[in-house]
Structure formats: C-alpha cells, structure tokens
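S.K.: what follows is a predicted protein model with its sequence.
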Number of protein chains: 2
Amino acid sequence: MAYKETYPSALLTDAVEAIGTLPGVGRRSALRLALHLLKQPAENVHHFTESIDRLRDGVHYCSRCRMIADEDICSICADGKRDQRTICVVESVRDVMSIEATGQYHGVYHVLGGIISPIAGVGPSDLTIKELVERVQALEDPASAEIILALSGDVEGETTAFYIYRQIEATGIRVSALARGLGFGDDLEYADSLTLGRSIVNRQAFKV
Amino acid sequence: MAYKETYPSALLTDAVEAIGTLPGVGRRSALRLALHLLKQPAENVHHFTESIDRLRDGVHYCSRCRMIADEDICSICADGKRDQRTICVVESVRDVMSIEATGQYHGVYHVLGGIISPIAGVGPSDLTIKELVERVQALEDPASAEIILALSGDVEGETTAFYIYRQIEATGIRVSALARGLGFGDDLEYADSLTLGRSIVNRQAFKV
C-alpha cells in the first residue's frame, strides 16, 4: 500500500530531505533519524553536525599519497619505519584502511581517487596517475623499488592497472599485483570457475 | 574475523564516532557515510548539517497538542475544518504522522511524548497527561466530545490508557480505543491466537 507522509513542519521536511540524500537511507529511515535527533540534547546534535563540518572543511589529503590526513603529509608517509620504496596503488581511501587493517603491509600507498571507467566518464587525467608516475621517476634506483597494483579484479581495475603499467614500465620498477585465488576457508565446490581456474594456473609452491 | 579499523585522521575519527551514535548505524556504515560526505561538494554538506541544526534549534511544539510545528499552534490544531472536539491521544509525533497518512481521521491530536513505563522510569508526570486533562476540562459540554486512546497494545500502552481513562472519566467525555483485530488481508491460519480471540469477541456488524 502506498504510504504518503504528511510532514507537520517545513524544518522537519528540509531535514528529512537532507538526511535522505545519504546513500542507503530512504525517506522512512531519514524521518526516523530526524525524529531521533530531535529527541537528543541540543549540544549532542551540534557536536554531531560540527564534527561533520569540521571533517569536510578541515580534511587534508597527503601531498605525497593523496590519503586523508590531518597534516600535509599523512601518518603513513611520515612513518620512518615504513618502506618508502614499496608503493601500493589503490583506488580509494577506504582501500588503504582495509589493507592497513590486515596488519600485513609495511610499505606506503598511492590513492588514485577512482578508477578508469569510460562508462562513468572517468579518464586517466581525473586520477592521480600523473602524480604516481612523477613519484616513481623521482625514486632513486627505481629498479630496486616496487609498485603493487592493488586494484579490483573487474574490467575497470584491469584497464587501470594496464594503463599505469604502460606509464611506468620504462622506469624499470618492479610491478606486482594482488594474488588472486580462492579465499581462505573457501570450498572448491562453491568457487566460481574463473577464480578456480586462475588459482590453478597461478598455483604457488606449497609451504609448511 | 575481527576487523580493526585504523583511522588516518582525527577529524575522520570524530565524524565516524558522531555518525555512529545514530540508531541503526554501525561503525562500518558510519565510515561509509563519512567518506561519502567527504566526496560531496562542501555546500551540500553544509546544507545537510545546517538543515539538521535548524530543525533542532528552530522546532516548536504546538502549545495545544504538543505536535511538532513551525508556529505556536500546529497546522492541524489551526485547521478550522478539523473537529476540535475529537482528540486522538498518541504516544509520539510519529504516530500522528502515521494516522494522518491514512487520511481517515478528521479530529485533532494530543501527543503524550512517551508511554508510562516503570521499567524505563517513565511516570505520568513525564508525559503531557496533565495538559490533556486540562484540555478536556476546558471543553464546553465534554459529554458530547470524544477521546480516542490510540496507544500501542502492549502492557505499557494499556497501563497508560487506563491511567488516562481514570483521570478524565469524571468529565463524562466519551472514551474510545483503536479497534483491534485481524489486519486487512490477514490469513486466519497465521494470526496469533490472542488477536484472533479478540477479533471474535469484538466482532462487528457485517457491512455490505
């Protein structure tokens, strides 16, 4: 049954519309959130909105890797214990956080800010590929350094990886990509055949 | 597997924590929303936060029925076409909107602002019951007016309804409650036995 909402207040209507622009938040949820905020003490609501404004207005992007940072250089690039000659290329800030959460990576990053996608109208010049190439060219003895292309396994990801590879291959830097195969704990029976096929072709030496 | 997030920025951490206080929004969703807001133009984000601040700071509650309003009297109470002598008592602003959405009600409301709940520490004095009693007492010829107790069917709702009934019965006002029974389109086979039992006891004249 169609459910027509009648809003009793223009202020409420505006707030519901604004909250409803968030991804994954429909009008019903937006109303629920607006009424929730109305019931909170004013100082809590102001803290909520101020922290969002402060984030949007105060955010920096690392001038080296384009990661979100509070300073001109992010805490990863500024960390002397990290290997500055291993650069992991990712699509987004979110990807950096996912890789950091594994605790398995000790190099630095380069955030592209998107992926090449002719359908979405995103070309190489919309990304930080030029900055990546300059960064690689500025490395001393690039042949002993490494670029890890940690991009998604779809057409856009492969296209972007190939484009970047072409731009930097002349420097002689070692280029690697994320291992693809069955996930840990995955059952062979339920694996898709493309992944299973690649994990046979790219089989690894058995380690005990 | 436990997933430990590493936030690259104090501003991001603050915003994620603030967004995560919203009901039904976990840390993962809060991060997704924060990164979404970061990608929006600053003016959109400011419009978003301002509309929330304006709602919280500018909201009025109708001095008659306690509904959200932009003025001192809400648009329902101020509407001359509505029957001011039929007062529907509800728990929350949300309930007014639900009943308004049905288009079936042409009286006015009284918003209690909660429900009597000893467990949650909510007593009659925390609600607008005193204001309701005064409103009923101020009616001319209350015996020809009506109160509809549109409260939920659980113990708290029944307790609150009974308490209000006791407070206003001396005025002689007619007191009714929402009809309870099977929902339209409900299948007998799957109805809970309490609802089915009540819908037999409270059977209605067959209308064609």
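M.R.: Nice, I can see it.
S.K.: please report how far A:P8 lies from B:S75.
M.R.: 6 Å (CB to CB, to the nearest Å). For glycine as for every other residue, the C-beta is placed from the backbone atoms N, C-alpha and C.
S.K.: so what sits against both of the two?
M.R.: B:A69 (CB atoms under 8 Å, 6 or more residues apart in numbering or on different chains).
S.K.: now A:D72, nearest residue through space, not along the chain?
M.R.: A:S63 (5.4 Å; CB to CB, 6 or more residues apart in numbering or on different chains).
S.K.: confirm that neighbour sits in a strand?
M.R.: No. Counting by DSSP: H, G, I helix; E, B strand; the rest coil, A:S63 is located in no strand; its state is coil.
S.K.: what about it, how many residues nearby?
M.R.: A:S63 sits with 13 neighbouring residues when counted by other CB atoms under 10 Å in any protein chain shown.
S.K.: measure it to A:I173 for me?
M.R.: Taking CB to CB as the measure, A:S63 falls 21 Å from A:I173.
S.K.: likewise for A:R54?
M.R.: In terms of CB to CB, A:R54 sits 38 Å off from A:I173.
S.K.: ok, those two, which is more surrounded?
M.R.: Each of A:R54 and A:I173 has its neighbours counted (other CB under 10 Å); A:I173 has more, 19 against 15.
S.K.: return the backbone torsion pair for the residue nearest to the spatial centre of chain A.
M.R.: The centre of chain A sits closest to A:S92, judged by CA atoms, centre = their mean, with a distance of 2.2 Å. With angles defined as degrees, to the nearest 10, A:S92 sits at phi -140, psi 170.
S.K.: go ahead and confirm it touches A:G113.
M.R.: Yes. A:S92 is in contact with A:G113 according to CB atoms under 8 Å; the separation is 7.3 Å.
S.K.: ends of stretch A:117-134, what's the gap?
M.R.: End-to-end distance for stretch A:117-134, by CA to CA, to the nearest Å: 22 Å.
S.K.: now do the buried residues in that stretch.
M.R.: Buried residues in stretch A:117-134, counted by 16 or more other CB atoms under 10 Å in any protein chain shown: A:S117, A:V122, A:L127, A:T128, A:I129, A:E131, A:L132.
S.K.: kindly report the same for stretch A:36-54.
M.R.: In stretch A:36-54, counting by 16+ other CB under 10 Å, buried: A:L37, A:L38, A:V45, A:H46, A:H47, A:F48, A:T49, A:S51, A:I52, A:D53.
S.K.: and the top helix by length along chain A, average pLDDT?
M.R.: Ranked by number of residues, the top helix in chain A under DSSP state H is helix A:42-58. Averaging pLDDT along helix A:42-58 yields 95.
S.K.: ok, stretch A:75-87 next?
M.R.: Averaging pLDDT along stretch A:75-87 gives 94.
S.K.: please point out which parts of the helix or strand of chain A with the lowest mean pLDDT sit buried.
M.R.: Taking mean pLDDT, DSSP states H and E as the measure, the helix or strand of chain A with the lowest value is helix A:193-201, at a mean of 81. Neighbour counts over helix A:193-201 (16+ other CB under 10 Å) mark A:L196, A:S199 as buried.
S.K.: just the CA coordinates for that helix, please, in PDB.
M.R.: Extracted C-alpha coordinates of helix A:193-201, given in PDB (Å, rounded to 0.1, in the frame of the first residue of the first chain):
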ATOM      1  CA  SER A 193      35.100 -21.300 -12.200                       C
ATOM      2  CA  LEU A 194      37.100 -18.200 -13.300                       C
ATOM      3  CA  THR A 195      38.600 -17.900  -9.800                       C
ATOM      4  CA  LEU A 196      39.200 -21.600  -9.500                       C
ATOM      5  CA  GLY A 197      40.800 -21.700 -13.000                       C
ATOM      6  CA  ARG A 198      43.200 -18.800 -12.200                       C
ATOM      7  CA  SER A 199      44.100 -20.300  -8.800                       C
ATOM      8  CA  ILE A 200      45.300 -23.400 -10.700                       C
ATOM      9  CA  VAL A 201      47.200 -21.500 -13.300                       C
END
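S.K.: where's the longest helix of chain A relative to the chain centroid, distance-wise?
M.R.: Centre-to-centre, helix A:42-58 and its host chain are 24 Å apart (CA atoms, centre = their mean, to the nearest Å).
S.K.: hang on, the earlier thing: so which residues make contact with the least confident helix or strand of chain A?
M.R.: Outside helix A:193-201, the residues that touch it by CB under 8 Å, 6+ apart are A:R180, A:G181, A:L182, A:L188, A:A191.
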